[in-house]
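Student: sequence unknown, structure follows:
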């Protein structure tokens, strides 16, 4: 019996030794896998953080660019508003000139815009009633023989300032607002320079 016990003991001892070897090998493999996984996670985390940093920088740059563009647009809109106000004030100033100066401007406009033929000068009622005596005689001397204008019988109370010269086939709008609007593109750089340097 002692021989069987001894064999049994050797088998158990051998099995324990083999089990310990397998367990030790499994622990080593598990440790290697855990270390490898840890390194992989750390590497992936670093890549993710790097991508996140780049994304944050990109968002920040886009936000700064949008803020700068918005600021430029607000400044531009303010400048446009001021320029439009300057043109509006110019029209108002022309409309509110005292009678003598007002009709000197009108005279220059008629001379500048009249064409060959006979035209009627249409004013608003207020201006028609304030035309100085001898005004059209002076204008006619400046125009010469080929261009003729006279005071129209009709009035146009939509005219804020200035006048309209009507010929048979054409109508020349010499209202202050229309002239300023037509000259605006040409003058806008000068006005911008005067207002903002």
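Tutor: Yes, it's here. This structure is a prediction, so every number in the text was calculated from the model and none was measured. Residues are numbered from 1 along each chain as shown.
Student: for this protein, which segments are assigned as strands?
Tutor: With strands called from DSSP state E, the chain shows them at 117-123, 147-155, 162-166, 171-175.
Student: what's the last one in contact with?
Tutor: Counting by CB atoms under 8 Å, 6 or more residues apart in numbering, strand 171-175 makes contact with 109-110, 113-115, 119, 159-166, 179, all of which sit outside it. Heads up, the C-betas are built off the backbone N, CA and C, glycines and all.
Student: redo that, cut-off 7 Å
Tutor: 109, 113, 159, 160, 161, 162, 163, 164, 165 (CB atoms under 7 Å, 6 or more residues apart in numbering).
Student: among those residues, who's most crowded?
Tutor: In terms of neighbour count, residue 163 stands highest of the contacts of strand 171-175 at 27 neighbours, by other CB atoms under 10 Å.
Student: so it bridges to which residues?
Tutor: Residues in a beta bridge with residue 163, per DSSP bridges, are residue 174.
Student: that one and residue 8: what is the separation?
Tutor: From residue 163 across to residue 8, the span is 132 Å (CB to CB, to the nearest Å).
Student: do the same with residue 189
Tutor: Residue 189 is 111 Å from residue 8, by CB to CB.
Student: quick check: longest helix of the chain.
Tutor: Ranked by residue count under DSSP state H, the longest helix found in the chain is helix 2-95.
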